[in-house]
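Asks: A structural model of the following input is requested.
(2 chains)
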Amino acid sequence: MGKRGGAEYPSLSLSWTTLIVVVAIGVFSIFSLYMGFQAYGSDHPEQANYYIIIGTTGFAAMGYMFFRARSITATKLEVPRVDVVTTLECPQCGLKRIREFAQGDYVFKDDEPCTRCEGSMTVTRIHRRKDEKEKS
Amino acid sequence: MFPSAGQLIPPNSDIGMVLQMVFSITFIIYLFYAQRIQSMTMLRQVEGTLRRVKAIRDEGRSVSIQTIKEIGKPENDPTPEVERFLEHFMIPPVDMDPAGIVGKFDQLINVRESTFEDEVRAIAPSASDSEVNNLENLLEAALALNVYYKVIRHFYLLGKRTMNIYVIMQIHMILPLIMREINAYSAALQAFKEGMPIGDGVGALVAAKLMHGNPWKEVAKEMVAAEVPMAGRTLVVMKARGPGGSVGKPGEAVENVLDEWKGRVKAIIMIDAAGKLEGEPTGDIAEGVGAAIGGVGVQKFRIEEAAKAHDVPLYAIAIKEDISHVVAPMEEALFDATDKALESVRRIVGERSAEGDVIVVAGIGNTVGIAQ
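Replies: Below is the predicted model:
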């Protein structure tokens, strides 16, 4: 536990046993609903309610198992690492370059020499890269 | 398949009676055990979150140790010192008689800061001043994660032991809010480890943009100020000294500058990050009056006292951000908002002062990754 990119932690995931139970409940629920709708047209329409209640309860239980009561098993933790970019600008010729953040970068740092003129490029911006989702 | 499967339960069976019994028993069980079932469900959710928080806490601890080894190059393994650091606490002064409590807080905070600094210098002897500041911040983030973990664990174990729904509900209800803060602190580990600007530093960034290129001097502990001409006025722009992670002592700095300029200061403009409400866009700018500064309140108190003593109005510019942005690497929207904040500063200077006046502009916040 505790290593970047390799820390083990118990997270919520679906075990095979739970999956089989969920599938079994699902099949049973569909069957019950089918029986319920069949019963409406039969000589015993009062049974339809029972079947439909069983079917819907089964689906509710499935939903609960999927979203709430999934078994706790050990998986790898990736503590989210954000993507940060550094913008460099040459105060003399205005050349602008954006690259990945490097340790030691800070805003207003005189960084690498300009590739277009003899000046030195200054770090003008450091921020997270905008998510593609946010852009769209 | 279904019609033949349907033969399993013939229409004339007693299924209705059986189901009625099942529902009756379920109802009776739920009548007596509903609260217990609900408690168990909530406990399970808290347990899942607790495991995740533990993993993040452990990540904070290991990142701190690894960074200290990389930057500080200590002779011995710093793990025991880091473990001790993570359990550090501060006992607030007694507030039954609140007179003089600010001074007590000030002293306590100074002792805490100097203790942290000394400890970090001891375990990271090769670190520069900026790196020491960043390591301090990194350890403080790890400490905060440790406290979150222990508090959640406390309520979880207490709830499990007592099975009291009200004990469990206390932590269950606020878990989503706490998790947002915990996730922000986990992002802070990366920011402080590598020295990236964070959301809280947006006020300091505005000041840095104003004072960049002008000669600056130290006006208080870890606080720098520069005289910047603007539209016939003189702005005394101040911020914490960067690029190491520090918030400085803005209160002390404002006091010193007001004393130095002896009645010539006509306004104080403070720029700081402020918590946004859901629905407000990140990087929105709001203007108001008062001392825009967070924390325990010592620096705010000193600024307000100094402003009152010199009869100087306090103007505030707030840059809105979510709680999850405060200690995480700075969002692009916040960086862009600094230009809008600069426009606000220019407008307030133009509207609230005359040519020849001196105006103090204080950029508040952690200046990690931001020079001047």
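Asks: contacts, neighbours, all on C-alpha from now
Replies: Noted.
Asks: biggest strand in the chain by residues?
Replies: This is for chain A. strand A:120-128 (DSSP state E).
Asks: switch to chain B, that's the one I care about
Replies: Counting by DSSP E, the longest strand found in chain B is strand B:265-275.
Asks: now check that strand, is it near chain A?
Replies: No: applying Cα under 8 Å from any Cα of the partner chain, one finds strand B:265-275 out of contact with chain A, separated by at least 15.7 Å.
Asks: What is that strand packed up against?
Replies: helix B:202-211, strand B:314-321, helix B:332-352, strand B:358-363 (3 or more Cα pairs under 8 Å, 6 or more residues apart in numbering or on different chains; DSSP states H and E).
Asks: same question for it, mean pLDDT?
Replies: For strand B:265-275, mean pLDDT is 96.
Asks: Just the C-alphas of it, formatted as CSV.
Replies: The C-alpha trace of strand B:265-275 is given here as CSV (Å, rounded to 0.1, in the frame of the first residue of the first chain):
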residue,chain,number,x,y,z
VAL,B,265,-2.0,55.5,1.8
LYS,B,266,-5.5,56.2,0.6
ALA,B,267,-6.8,52.7,0.1
ILE,B,268,-6.0,49.0,0.6
ILE,B,269,-7.1,46.6,-2.1
MET,B,270,-7.0,42.9,-1.2
ILE,B,271,-7.3,40.1,-3.8
ASP,B,272,-8.0,36.6,-2.6
ALA,B,273,-9.6,33.3,-3.7
ALA,B,274,-13.1,32.8,-2.4
GLY,B,275,-15.3,29.8,-2.2
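Asks: contacts for it?
Replies: B:199-204, B:206, B:258, B:291-293, B:307, B:312-323, B:341, B:345, B:352-353, B:357-365 (Cα atoms under 8 Å, 6 or more residues apart in numbering or on different chains).
Asks: Buried subset of those residues as a ChimeraX selection?
Replies: Buried residues among the contacts of strand B:265-275 (16 or more other Cα atoms under 10 Å in any protein chain shown), as a ChimeraX selection:
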select /B:199,200,201,202,203,204,206,258,291,292,293,307,312,313,314,315,316,317,318,319,320,321,322,323,341,345,357,358,359,360,361,362,363,364,365
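Asks: and the spatially most central residue of chain A, what does it touch?
Replies: Centroid check for chain A by Cα atoms, centre = their mean gives A:Pro80 as the closest residue, at 10.8 Å. Neighbour list for A:Pro80: B:186-187 [criterion: Cα under 8 Å, 6+ apart].
Asks: how about it, secondary structure?
Replies: Counting by DSSP: H, G, I helix; E, B strand; the rest coil, the backbone at A:Pro80 sits in coil.
Asks: Can I take it that A:Asn88 is in a strand?
Replies: Quick fix: residue A:88 is Leu, not Asn. Yes: counting by three-state DSSP, A:Leu88 is part of a strand.
Asks: hang on, it packs against A:Arg97?
Replies: Yes: counting by Cα atoms under 8 Å, A:Arg97 is a contact partner of A:Leu88 at 5.2 Å.
Asks: of the two, who's got more company?
Replies: A:Leu88 (26 against 13; other Cα atoms under 10 Å in any protein chain shown).
Asks: how far away is the more buried one from chain B?
Replies: 14 Å (Cα to the nearest Cα, to the nearest Å).
Asks: List the beta-bridge partners for that residue.
Replies: A:Arg97, A:Val123 (DSSP bridges).
Asks: got a list of what it touches?
Replies: A:96-98, A:111, A:121-125.
Asks: same thing but 10 Å
Replies: Counting by Cα atoms under 10 Å, 6 or more residues apart in numbering or on different chains, A:Leu88 touches A:94-99, A:107-112, A:114, A:120-126.
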